[in-house]
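>>> Fold the following, please.
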Amino acid sequence: RIEFLAPVGFSFLTSCFSSGQDLSDYFVSCRSSSTVWNGKYLSTAIVEGVTGGFSTSQLPVTLSLSLLNPSLTPDTNNWYARCYKRNTLLSWGIVQEPFAI
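Down below sits the predicted model:
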């Protein structure tokens with residue numbers, strides 16, 4: 001499972017995979033949720049991987065997610081990703097201030 005956390009003001013769509021992608025070898029679903037992070041509710045895309053996962057020979061994988069953006073760039077424009085294997089956190093990452101709106 002991979003969780004993508006958007007900055008305040010962004011909102012992932014209910015079915016958050018962008019259309020036109022064939023990701024069936026890697027992922028079975030993408031759904032929106034929310035997560036409390038640093039005292040704030042952040043829109044979260046939860047991407048579920050295929051049963052059994054996939055091998056490193058299939059990497060890298062590019063996927064596009066659909067979301068609504070705010071009218072102005074948030075004061076804190078940080079995007080997070082967290083990767084899990086079952087319920088164990090394997091890794092996380094942050095992209096700080098990637099773009100302005």
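
>>> so where do the strands sit in this protein?
All strands of the chain, identified by DSSP state E, fall at 2-5, 11-17, 27-37, 40-49, 65-68, 78-85, 88-96.

>>> which one in the protein is furthest away from the centre?
residue 57 (22.0 Å; Cα atoms, centre = their mean).

>>> State the pLDDT value of that one.
Among the per-residue scores, residue 57 holds a pLDDT of 89.

>>> got it, and residue 53?
Per-residue pLDDT puts residue 53 at 81.

>>> Show the contacting residues for it.
Counting by Cβ atoms under 8 Å, 6 or more residues apart in numbering, residue 53 touches residue 85. Yep, even glycine has a C-beta here, placed from its N, CA and C like the rest.

>>> now swap in residue 31 and tell me
Neighbour list for residue 31: 14-16, 45-46 [criterion: Cβ under 8 Å, 6+ apart].

>>> With respect to residue 94, which of those residues is nearest?
Checking the contacts of residue 31 against residue 94 with Cβ to Cβ, the nearest one is residue 45 at 15.5 Å.

>>> For the closest one, name its beta-bridge partners.
Beta bridges link residue 45 to residue 4, residue 32, judged by DSSP bridges.

>>> show me what contacts residue 76?
So residue 76 contacts 7-8 (Cβ under 8 Å, 6+ apart).

>>> ok, it to residue 99 distance?
Distance, residue 76 to residue 99, using Cβ to Cβ, to the nearest Å: 14 Å.
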